[in-house]
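In: coords please:
(chains A and B)
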Amino acid sequence: MTYATSTLFETTPGYRTDYYRSFAYDLIKRMNTTEDEWGTNSVEYWEWTHPEYNYNTYYWPNATDPSGLYIGGFRGPANIMWTGHYTLMMTLYERNFHTGEMTDEITWFIDDWNNSLLTDGFGNPKDGGIWGVGLIPCEPYIVFAQCNSIPIFCTEIYDNLYGTNYRPMWDYGLNFINTVMQNQYGLFIDGYYVSRPTSTYYNPDRLPATIPGPQQDLYLRDGTPKVSSYCDAWALDFLEYTQPEETAHDYPIFLQHFRKDLSGDMMYIVDTYTNTKGFGTFDILGSLFTLPLAKQRGDFVTRDRVLNFLMSLFNKVWSDDGRMMYVDTSSLEPFLESVLSFGYIWAKMPVTIRDLGDARPTDFWNYPYISAADDDYIWVYQAQWDPEKQGFILNVRVDQTATLTFSNFQSQPTAYLHGVPLTTLTASGSDFTLTLEPGIYQIVIVEGV
Amino acid sequence: MAEESRSVSSVQRILKILHLNGAYVAILTVVYGLLGALIVMALLWLPQPYKMISIIKLGLVPALAVIAVVGAIRGPIAGFVSGFVGTFMYDLVIRGTIVTMGLTAASYGILGFVVGLASYSFENGRFLLKLSILSAVGLVLAVLVIVLTGLTVEGYAALVAIAYVLLPLLTTGLPSVLFLTPLFARLWFEFAKRFVPSALNR
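Out: Numbers count the residues shown, from 1 in each chain, chains lettered A, B, ... in the order given. Take a look at the predicted model:
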């Protein structure tokens, strides 16, 4: 949801009220619900401390030897499936809203990854880091290309935001997924075991004959590594910022092996090409992750056809006033219900994950922007400061009389509608307000009367 | 000599049923098919609202009725062409793809072909009922071929075939061909009677 809505926020960079910021903030807080506070309703419980997983007591190199390096713990070094997403969510928040409130926590995780990837965990330099593969595991005994693509992308944004150079700490791991963790077609395999799991929660048929080694295909059972569409689509999408050639090369191969055409309108992505006769959660996930990847590759034919497939069995439900619509996915399991709803935004926003990799220019934070508004009464289609022409472009639909507050104007601004002065904005402390009656407006606001 | 004559006569009968008995007739048949294909393509391109009630998709697909009507007007070849070319061109031009080597599009041609095998009088209610029933038969055959092609050639999952292909096509397609086909046929009859009466001379 954070990644989908971050692309939404990017479409109106000059509209940064609490309406968007609070939503992003709440998602981060929900991601970090701890067992101490929320018990069995916490992310920590469901993602890590659930007794069936047996993740908490883990040591390296021998999982059960307490004299080794402790790698258990929700926020510990071997839980990249949570630390990666959590940190990227915070990093996107800082990229989009620039409050500084999360910078220290982001930095803590970046330093922790740096320690895991470049040392033996005790601070002694070591090629490939703690686990020798240049990647960070989850669960905590297996590394995935897709899970590591998240902190890699996060590190790129962090470097761009704060002028650091942490990205090379991933070089070893990128080489590992581009060479070792590949199948016969040159696509990423699904997972690579770096130690033997002690959990009985997962299917032992996935284990390779020797560890370290690749996760096994569940259908062929002949030593073939497992490959899944959701893994590849996800990794190719988030890694395109870092290695665009790899994604450009792999994308057509990915489609060639995973696509299934139903009609001109619809296609879907199978979970794995070794089991095309099955259909379930992971086929839906594979299709879902293909949406942003196809969009990012400029393949709107595939994007639209996959989106039609995903949405075709669900009704669109509109509010009485016609202001809101949601796709009713309540017949799905809860895990898929919300992500599929956000799949529409994920697919349709004219902004890609790759676009979010670049930080905003330093001057951006001094540009005039909408800092508060009667958000429930307006639809903002375009809101951004044009630094060349020194004007704020605002395309907005107003359903009820609404006031918008602008910050960062240095002198009295005037709003122009179709080139004709509409009104001067009203001073309010250091800010200026603009009140609009119901209607559709294409406004340019410039300083001066 | 008599056997040869019978054979020629049966070929002529088949050509007549197919509306291919003579160069002019054959060209006209293809023209009907292509005009039908254009209408099918345009109708498929238009948004088609629907409502899901559990796994039942409620809605109408007028393009299916057009395929059937073209078959009823000008015979099986015209019906097949309108279904096949209309769907193929829609997939290619509007959706930018060719689905399963064109086999899915060809399956839609079956609907028009089956309907076109019989002859009808559009001013007669009983013939319209016959048209309605044969359209449903043609649609069911077409859908079965689409599903079989999907399961064997394309190789998609049986659950996908049922939930995303079979059920939606039947639940929207059957009402479309049962109700819209006789309606469109009657409208065509009224139109042709007034503007192109020669078109009614089958």
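
In: so where's the stretch 301-449 of chain A uncertain?
Out: Applying pLDDT under 70 to the stretch 301-449 of chain A picks out residues A:449.

In: helices along that one, start to end?
Out: Secondary structure of the stretch 301-449 of chain A by DSSP state H, counting those that start in this stretch: the helices cover A:334-348.

In: now do the strands in it.
Out: Remark: strands assigned in the stretch 301-449 of chain A by DSSP state E, counting those that start in this stretch are A:316-318, A:325-327, A:369-373, A:378-386, A:391-398, A:402-407, A:413-417, A:420-424, A:426-428, A:431-436, A:439-447.

In: near chain A at all, the helix or strand harbouring B:Val160?
Out: Assigned by DSSP states H and E, B:Val160 belongs to helix B:158-160. Yes - shown here: helix B:158-160 in contact with chain A (C-beta under 8 Å from any C-beta of the partner chain) through B:Ala158, B:Leu159, B:Val160. Backbone N, C-alpha and C define where each C-beta goes, glycine included.

In: most neighbours among those, which one is it?
Out: Neighbour counts for these, by other C-beta atoms under 10 Å in any protein chain shown, peak at B:Val160, which reaches 24 neighbours.

In: does that residue touch A:Lys260 like I think?
Out: Yes - assessed by C-beta atoms under 8 Å, B:Val160 is found in contact with A:Lys260 at 7.4 Å.

In: same question for the residue of chain A found nearest chain B, what's its three-state structure.
Out: At 3.3 Å from chain B, A:Gly264 is the closest residue in chain A, using C-beta to the nearest C-beta. Judged by DSSP: H, G, I helix; E, B strand; the rest coil, the three-state class of A:Gly264 is coil.

In: number of nearby residues for it?
Out: 25.

In: show the contacting residues for the closest residue to A:Asp399 other than its chain neighbours.
Out: Using C-beta to C-beta, 6 or more residues apart in numbering or on different chains and skipping the chain neighbours, the partner closest in space to A:Asp399 is A:Tyr377 (5.3 Å). Residues in contact with A:Tyr377 (C-beta atoms under 8 Å, 6 or more residues apart in numbering or on different chains) are A:Val398, A:Asp399, A:Gln400, A:Thr401, A:Ala402.

In: would you list every one of the strands in chain B?
Out: Assigned by DSSP state E, chain B shows strands spanning B:50-53, B:56-59.

In: packing partners of the first one?
Out: In this structure, strand B:50-53 packs against strand B:56-59, with contacts taken as 3 or more C-beta pairs under 8 Å, 6 or more residues apart in numbering or on different chains; DSSP states H and E.

In: mind doing that once more with 10 Å?
Out: Contact analysis of strand B:50-53 by 3 or more C-beta pairs under 10 Å, 6 or more residues apart in numbering or on different chains; DSSP states H and E lists strand B:56-59, helix B:167-175 as its packing neighbours.

In: residues near A:Phe258, how many?
Out: Applying the criterion other C-beta under 10 Å, we find 26 residues in the vicinity of A:Phe258.

In: how about the contacts made by it?
Out: Applying C-beta atoms under 10 Å, 6 or more residues apart in numbering or on different chains, one finds that A:Phe258 lies in contact with A:187, A:227-230, A:232-233, A:267-273, A:276, A:283, A:286-287, A:290.

In: filter these down to the ones close to chain B.
Out: By C-beta under 10 Å from any C-beta of the partner chain, the members of the contacts of A:Phe258 lying near chain B are A:Met267, A:Tyr268, A:Val270, A:Asp271, A:Tyr273, A:Thr276, A:Asp283.

In: TSV for the residues you listed, including secondary structure and pLDDT?
Out: Shown next, in TSV, are those (DSSP: H, G, I helix; E, B strand; the rest coil; pLDDT from 0 to 100):
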residue	secondary structure	pLDDT
A:Met267	strand	97
A:Tyr268	strand	98
A:Val270	coil	97
A:Asp271	coil	97
A:Tyr273	coil	95
A:Thr276	coil	93
A:Asp283	helix	96
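
In: which PyMOL command selects the buried ones in those residues?
Out: The following PyMOL line selects those of the ones next to chain B among the contacts of A:Phe258 that are buried, judged by 16 or more other C-beta atoms under 10 Å in any protein chain shown:
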select buried, chain A and resi 267+268+270+271+273+276+283
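
In: which one among the ones next to chain B among the contacts of A:Phe258 gets closest to B:Ala26?
Out: A:Met267 (36.5 Å; C-beta to C-beta).

In: A:Asn308 is in contact with that closest one, correct?
Out: Yes - contact criterion C-beta atoms under 10 Å: A:Met267 and A:Asn308 qualify, at 8.4 Å.

In: which residues do those two both contact?
Out: Common contact partners of A:Met267 and A:Asn308 (C-beta under 10 Å, 6+ apart): B:Arg95.

In: residues near B:Ile27, how many?
Out: Neighbour tally, B:Ile27, other C-beta under 10 Å: 11.

In: pLDDT score for it?
Out: B:Ile27 carries a pLDDT value of 95.

In: identify the residues contacting it.
Out: B:Leu20.

In: what about it, distance to chain A?
Out: 28 Å (C-beta to the nearest C-beta, to the nearest Å).

In: also B:Leu131?
Out: The gap separating B:Leu131 from chain A is 26 Å, by C-beta to the nearest C-beta.

In: which residues are in contact with that residue?
Out: B:Leu131 touches B:68-69, B:71-72, B:115, B:118, B:120-122, B:124, B:177-178, B:181-182, B:184-186, counting by C-beta under 10 Å, 6+ apart.

In: again, only using 6 Å
Out: Listed by C-beta atoms under 6 Å, 6 or more residues apart in numbering or on different chains, the contact partners of B:Leu131 are B:Ala72, B:Tyr120, B:Thr181, B:Pro182, B:Ala185.

In: cool, and A:Ile445?
Out: Contacts for A:Ile445 were tallied using C-beta under 6 Å, 6+ apart; they are A:Phe392, A:Pro413, A:Ala415.

In: between those residues, which is nearest B:Ala78?
Out: Distances from B:Ala78 to the contacts of A:Ile445, taken by C-beta to C-beta, are shortest for A:Phe392, at 60.0 Å.

In: ok, that closest one touching A:Pro368?
Out: Yes - between A:Phe392 and A:Pro368 there is a contact at 5.2 Å, judged by C-beta atoms under 6 Å.

In: give me the common contacts of those two.
Out: Residues touching both A:Phe392 and A:Pro368 (C-beta under 6 Å, 6+ apart) are A:Trp385.

In: just how off-centre is stretch A:410-421 within its chain?
Out: 37 Å (C-alpha atoms, centre = their mean, to the nearest Å).

In: what do you get for stretch B:69-78?
Out: Remark: stretch B:69-78 is offset 8 Å from the chain centroid, using C-alpha atoms, centre = their mean.

In: then stretch A:212-219?
Out: Centre-to-centre, stretch A:212-219 and its host chain are 26 Å apart (C-alpha atoms, centre = their mean).

In: would you work out how far apart the start and end of it are?
Out: 21 Å (C-alpha to C-alpha, to the nearest Å).

In: stretch A:211-225 now?
Out: Its first and final residues considered, stretch A:211-225 spans 13 Å by C-alpha to C-alpha.

In: same check, this time on stretch A:174-191
Out: Terminal-residue distance, stretch A:174-191 (C-alpha to C-alpha): 14 Å.

In: and the contacts of it?
Out: A:133-134, A:142, A:144-145, A:192, A:214-215, A:225-228, A:231-232, A:235, A:250, A:253.
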